[in-house]
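[1] I would like the atomic coordinates for the input below:
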Amino acid sequence: MAGRIEDYALIGDMQTAALVCRDGSVDWLCLPRFDSHAVFAGLLGTEEHGFWRIGPSYPDGSEAPPASRRRYRGDSLILEQEWDTPRGTVRVTDFMPPRDGAPQLTRIVEGVSGRVPMHSALRMRFSYGRVTPWVHRVDNRTVAVAGPDSVWLDTDVETHGQDLTTHSDFTVGPGERLAFTIQWQPSHREAPPVPDPEGALELTVDFWREWVEHCTYHGPYREAVVRSLITLKALTYAPTGGIVAAPTTSLPEDIGGSRNWDYRYTWLRDAAITLSSLLRTGYREEARAWREWLLRAVAGDPENLQIMYGIAGERELGEAELDWLPGYENSGPVRVGNGAAGQLQLDVYGEVTEALHLAHMTGLARNDYASLLQLKLIRYLEGHWDQPDEGIWEVRGPRRHFVHSKVMAWVAVDRTIKLIEAGDADGPLERWRELRDEIHADVCEKGYDPERNTFTQSYGSKELDASLLLIPQMGFLPPDDKRVIGTIEAIQRELSTPDGFVLRYPTTGDDAGVDGLEGDEGAFLACSFWLADDLAMIGRVDEARRLFEKLLSLRNDLGLLAEEWDSKAQRQVGNFPQAFSHVPLIDTALRLTASGAYGG
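    Numbering: from 1, shown residues only. You can find the predicted model right below:
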């Protein structure tokens, strides 16, 4: 059985990523890309679906317990786990070096004290655990082959096969280092070069040290901010600049429920807010790469803007269910692809325009096509902003006039007007000023409940929605507007969990609610950070700081966050780690630092 979501560590090479559990087991790895088929899919099933465990072995044959301690090596994505055993202490270092060629996962076993018996069990299962490969030896190397894929294992440790698994038994003493590396290669190609584990480790150390040096944030929350930035970098597909929402699929928002989605794609919304955080902390190269990815993905067809694309800009992301996988803690179905790609979500136009505006304002080199794209997006919005849509949360119920969508349409028009006013683009300035005023008046008239003094989820509804917390952050209304304060206080009353975190919107258990789905979900961490931001903006800075630091305490011991928090079970839920959680963490830290609202 897989570990709790927070028991996992992330390692990656900016093209794919692996999750490593406290017991030394790699239970999730897709090769060669984030969105490729998994070679280790035990996270969503059992050990029969693929894993690779390295840890101490015991005479009675029992599995190794969780590591005694673990950490990342400094500000890097190099994982170190240590076990204290009756015979001594051993360390396993896991990492994936940034690459130009074949993807590699390297595991170095190092004796710290005593002589510790160790065991490695490697069970590769291709196609998300469905296909057992042909494993054989080639020139003293082990290779697993199935269809178009091959994975090569290199180690100086003797291996043997048993129960369709590659095993190694060995002992390490003080200062001894033994390495294992797997590499993916198309099966029709010749073998990849024999790896240099120690050289790859040195390269990886240097890469992360140099990358982190570019961070311009040096405030009191630097540890949390830097770890979040490293996580966002790890979720960036280096060849194209696309940013995945998370490296996993189908980790449930409700344990045992069906709210299980594939997040290994580039949501324009998630990527745009990630871009904003990177720009605010000194990472212009990543911002430039994402902008180039956006221009390629959208191409000359902004009228058919999708809410998400593949990491190289692919448009077809058809959704399917993998019925041979039982799901994480039996939370089925397991899905790959994402049917929401074809939805209409008008807020995306605002997020993309806001990101392009921020890139321009922070001095990113001008791109004339980016300005042209922005103008094309507004021309599309002129004729469509007043339509109902599926909204920010990708509801699978009927379309509605979501207030957040209208607010973000206003943002798109407002930022484009600013571009024209600055002399950096040409457009019908007066007409779009009238459009901006029209959208604003429409939202304030139809999306506001004067009796309760709060904006609502959609026109004519009574429900609240945490996305309304973005109204002051986007500049739609000033923070001291009574309607803004009323909305913040209403969300605190009606959408907060007993421990003070925020739900996205009301769900109704076994009955399908506004999102067209059954079951409930946890508190949405991004929304909880938004609340902290808003509290700081309206002057309740001590309350904002307390909520922010409480949210920081939800991170696992390595500083990672999933999408949601289950307040009843007191555990993380949803895909992991989640960009949409780490981005607002950075933004709130920057806001609190600027306001001086931090303790100590």
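[2] right, and Leu585 touches Ser228 too?
    Yes. Applying CB atoms under 8 Å, one finds Leu585 in contact with Ser228, separated by 5.1 Å. Glycine gets a C-beta too; all of them are placed from N, C-alpha and C.
[3] Flag the shaky bits of this structure, pLDDT-wise.
    Across the chain, the ranges flagged by pLDDT under 70 are 1, 60-63, 300, 508-520, 597-600.
[4] residue ranges for the helices of it, please.
    Using DSSP state H, the helices of the chain run over residues 126-129, 197-212, 222-234, 268-280, 284-298, 347-361, 368-382, 403-421, 429-446, 470-473, 482-494, 525-537, 541-552, 579-595.
[5] and the angle for the fourth one with helix 525-537?
    It stands for helix 268-280. Angle between the axes of helix 268-280 and helix 525-537 is 50 degrees (criterion: axes from the mean of the first three to the mean of the last three CA atoms, to 10 degrees).
[6] Helix 268-280 to helix 222-234, inter-axis angle?
    Orientation of helix 268-280 against helix 222-234 (the same axes, to 10 degrees) gives an angle of 130 degrees.
[7] Which positions within helix 268-280 qualify as buried?
    Of all the residues in helix 268-280, those buried under the rule 16 or more other CB atoms under 10 Å are 268-280.
[8] Then the fifth one?
    Of the residues in helix 284-298, those buried by neighbour count under the rule 16+ other CB under 10 Å are Glu286, Ala287, Arg288, Ala289, Trp290, Arg291, Trp293, Leu294, Leu295, Ala297, Val298.
[9] Against Glu329, how distant is the third one?
    Between Arg288 and Glu329 the computed distance is 41 Å (CB to CB, to the nearest Å).
[10] Please apply the same query to the first one.
    From Glu286 across to Glu329, the span is 34 Å (CB to CB).
[11] What of the fifth one?
    Separation of Trp290 from Glu329 (CB to CB) stands at 34 Å.
[12] can you tell me how far Leu295 sits from Ala200?
    Applying CB to CB to Leu295 and Ala200 gives a distance of 34 Å.
[13] can you check Ala412 too?
    To Ala200, Ala412 is 44 Å away according to CB to CB.
[14] Who has more neighbours out of these two?
    Just comparing Ala412 and Ala200: by other CB atoms under 10 Å the higher neighbour count belongs to Ala412, 28 against 20.
[15] Could you verify my assumption that the more buried one touches Ile378?
    Yes. Under the contact definition of CB under 8 Å, Ala412 touches Ile378, with a separation of 6.1 Å.
[16] Quickly list what's touching both of the two.
    Taking CB atoms under 8 Å, 6 or more residues apart in numbering as the criterion, Ala412 and Ile378 both touch Tyr349, Thr353.
[17] Can you report how many residues lie near Val338?
    Actually, residue 338 is Asn. It isn't Val. Asn338 has 22 neighbouring residues, counting by other CB under 10 Å.
[18] and if you look at Val112?
    Residues near Val112, counting by other CB under 10 Å: 17.
[19] Ok, the one 10 residues further on next?
    Neighbourhood size, Leu122 [other CB under 10 Å]: 26.
[20] and what of Asp542?
    Using other CB under 10 Å, Asp542 has 12 neighbouring residues.
[21] All further residue positions should be reported with the first residue as 663.
    Got it, the first residue is 663 from now on, which makes the last one we talked about Asp1204.
[22] Look up how far Asp924 lies from it.
    Asp1204 sits 40 Å away from Asp924, taking CB to CB as the criterion.
[23] same deal with Asp1048?
    Applying CB to CB, one obtains 32 Å for the distance of Asp1048 from Asp924.
[24] Look at the two and report which has more neighbours.
    Asp924 (22 against 14).
[25] right, and the more buried one touches Thr911 too?
    Yes. With the criterion set as CB under 8 Å, Asp924 and Thr911 qualify as a contacting pair; they are 3.8 Å apart.
[26] Give the residues shared as contacts by these two.
    Residues touching both Asp924 and Thr911 by CB under 8 Å, 6+ apart: Arg997, Val998.
[27] For Lys1212, give me its contacts.
    Taking CB under 8 Å, 6+ apart as the criterion, Lys1212 is in contact with Asp1161, Gly1162.
[28] redo that, cut-off 10 Å
    Under the criterion of CB atoms under 10 Å, 6 or more residues apart in numbering, the contact partners of Lys1212 comprise Asp1161, Gly1162, Phe1163, Ser1190, Ala1194.
[29] any idea how far the last one is from Pro1246?
    Distance of Ala1194 to Pro1246, computed by CB to CB: 8 Å.
[30] For Ala982, give its distance to Leu784.
    Between Ala982 and Leu784 the distance, using CB to CB, works out to 28 Å.
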